[in-house]
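J.: Below are the sequence and a predicted model for it; my questions follow.
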Amino acid sequence: MAQQADIEKDPFLILLTDALRAGPGSPEWRDAVSHLKTAGENVDEYRLLIEARDSLESGKDYRSVRAGAGFTRKLMTNIEQEQPETRRALPVTALIGTIAGLVILGVIALVGYELYPRAQTVSASNKAIDDLASTYLPTQFLSTSFDTAIPSSWRTIGSLPVEAADGLHAGVATVPDDKYLGGGIVIADPMSADQPVSFQVTLNIKSISEDLIPQAFVSNSPDFSPDRAISAQELVWELKGKEQQVVIGGRVQPQSPLPAHTPTLTIRIILNKDLAIVESDGHRLWAGPNGLDDQPRYLGIRFIRTAGKAAGNISIQSARVQKS
């Protein structure tokens, strides 16, 4: 018993026992290894400790040392971590397949991102346009038949003269080569941008030519150029030869042919704060954002004449403005 007590009190044996119980990587383990190694020696610490344990186990007068909980697991884990790392080459086919899969997933995600909000926007715009088309506008703000004169509710613009006699006509003017002149009328009192409005113009078409272009327009400015009677920001319907077209902020939209054998043509522009619809004889030519911002709206009729000889014969029979 005395010998056993001495051994159990031996600091080195206590350190070794604690190291074996704590397992590899523990502070006790490192302390025990540092005591077993000699300076400059390259010793396998695991083998050294196991041999020391076996030597102690062979003694007669001491208590057997048992490894603590998790000793084996810790030992194997540390041995595996200290083994040289083996790099495994990724097969080329697997690498290509992985990259292709990632590319496909990226494309699917991008398409989903693009289509989802866009579909929502188109749906919302279509509903808003349909709502505008069905807006009830019972109040007649202005109704004019250009039989003999231009009423005071309109003011003239541009350098090309216009005159009212059985309809509003473009007057005679000398147009320089490669130039064009414009002239027309615009309502004296603008419409509020917050109020839906309908602007309807009826034309009498006897002959057509690209040298005479009738236009119905909505501008967000009262300032028109003195020569061409145009402003900076407009929504325009025009008849150029046999083609009808809508121009938004200077950008020409897809053209629509003029129906054959049409002596009269009714153009209607419906607009609210953000959107507009352009109709020709009840058929929708175009619909979308009007591009006029929040400014007051100036409704007008205009003729554009070029230097050509075949000016055509087109007049404006009437104009009507209705609001809610």
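T.: Nice, thanks for sending it over.

J.: If you tally nearby residues, what's the number for residue 134?
T.: The tally of other residues near residue 134 (other C-beta atoms under 10 Å) stands at 8. C-betas here are computed from N, CA, C, even on glycine.

J.: how much space between it and residue 293?
T.: According to C-beta to C-beta, to the nearest Å, residue 134 stands 24 Å off from residue 293.

J.: Please write out the alpha-carbon positions of stretch 286-305 in CSV.
T.: Output in CSV follows, covering the C-alpha atoms of stretch 286-305 (Å, rounded to 0.1, in the frame of the first residue of the first chain):
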residue,chain,number,x,y,z
TRP,A,286,-52.3,53.1,-79.8
ALA,A,287,-52.4,53.1,-76.0
GLY,A,288,-49.8,53.7,-73.3
PRO,A,289,-48.1,56.3,-71.2
ASN,A,290,-48.8,59.8,-72.5
GLY,A,291,-45.4,61.3,-71.5
LEU,A,292,-46.9,64.7,-70.6
ASP,A,293,-46.0,64.7,-66.9
ASP,A,294,-48.2,66.7,-64.6
GLN,A,295,-48.5,69.8,-66.7
PRO,A,296,-51.7,71.4,-68.0
ARG,A,297,-52.8,70.0,-71.3
TYR,A,298,-53.2,72.1,-74.4
LEU,A,299,-55.4,70.5,-77.1
GLY,A,300,-54.9,71.6,-80.7
ILE,A,301,-55.2,71.0,-84.5
ARG,A,302,-52.3,71.6,-86.8
PHE,A,303,-51.3,71.3,-90.5
ILE,A,304,-47.8,70.7,-91.6
ARG,A,305,-47.0,71.7,-95.2
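
J.: for it, what is the average pLDDT?
T.: Confidence over stretch 286-305 (mean pLDDT, whole number) is 96.

J.: and it, which residues are buried?
T.: Within stretch 286-305, the residues that count as buried by 16 or more other C-beta atoms under 10 Å are 286-288, 290, 292, 297-305.

J.: ditto for stretch 175-185
T.: If you call a residue buried by 16+ other C-beta under 10 Å, then stretch 175-185 has these buried ones: 175, 180-185.

J.: thinking again about what came up before, quick check: of the buried residues of stretch 286-305, which lies closest to residue 142?
T.: Proximity of the buried residues of stretch 286-305 to residue 142 was ranked by C-beta to C-beta; the top entry is residue 299 with 8.3 Å.

J.: so where does the closest one fall, helix or strand?
T.: strand 298-306 (DSSP states H and E).

J.: Neighbouring strands of that strand in the sheet, and parallel or not?
T.: Based on DSSP bridges, the pairing partners of strand 298-306 within the sheet are strand 180-187 (antiparallel), strand 212-219 (antiparallel).
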